[in-house]
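Chemist: Structure for the following, please:
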Amino acid sequence: MVGGMELNVRKVTEFIENQSSEVSLIGIWGMGGLGKTTTAKA
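Modeler: Next up is the predicted model:
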């Protein structure tokens with residue numbers, strides 16, 4: 001994985017795991033080149 005992406009993936013994963021089953025969508029946004037697609041695919 002791209003350097004530093006592990007932290008982003010871990011944060012998203014923890015958020016998903018700590019939410020109720022009602023969570024069905026998480027938005028990831030930011031400037032181009034920040035790794036949004038890489039994070040979403042992980």
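Chemist: How many residues are close by residue 15?
Modeler: 11 (other C-beta atoms under 10 Å). (Glycine included, C-beta is placed from N, CA and C.)
Chemist: Show me how far the strand or helix carrying it is from its chain's centre.
Modeler: Element membership of residue 15 [criterion: DSSP states H and E] is helix 5-18. Centre-to-centre, helix 5-18 and its host chain are 6 Å apart (C-alpha atoms, centre = their mean, to the nearest Å).
Chemist: Against which helices or strands is it packed?
Modeler: For helix 5-18, the elements it packs on are helix 36-41, judged by 3 or more C-beta pairs under 8 Å, 6 or more residues apart in numbering; DSSP states H and E.
Chemist: which parts of the helix or strand of the chain with the lowest mean pLDDT are buried?
Modeler: Within the chain, confidence by mean pLDDT, DSSP states H and E is lowest for helix 5-18 among all helices and strands, at a mean of 81. The neighbour-count check on helix 5-18 (16 or more other C-beta atoms under 10 Å) flags 8, 9 as buried.
Chemist: Over to stretch 22-36?
Modeler: residue 35.
Chemist: Any chance you could give me the helix holding residue 15 in CSV, C-alpha atoms only?
Modeler: What follows is the C-alpha trace of helix 5-18 in CSV, where atoms were taken according to Å, rounded to 0.1, in the frame of the first residue of the first chain:
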residue,chain,number,x,y,z
MET,A,5,-2.2,5.0,3.6
GLU,A,6,-2.3,2.4,6.3
LEU,A,7,-3.4,5.0,8.8
ASN,A,8,-6.2,6.2,6.6
VAL,A,9,-7.4,2.7,5.9
ARG,A,10,-7.3,1.9,9.6
LYS,A,11,-9.3,5.0,10.5
VAL,A,12,-12.0,4.2,7.9
THR,A,13,-12.1,0.6,9.0
GLU,A,14,-12.5,1.5,12.7
PHE,A,15,-15.2,4.0,11.9
ILE,A,16,-17.2,1.3,10.0
GLU,A,17,-16.7,-1.3,12.7
ASN,A,18,-17.8,1.1,15.5
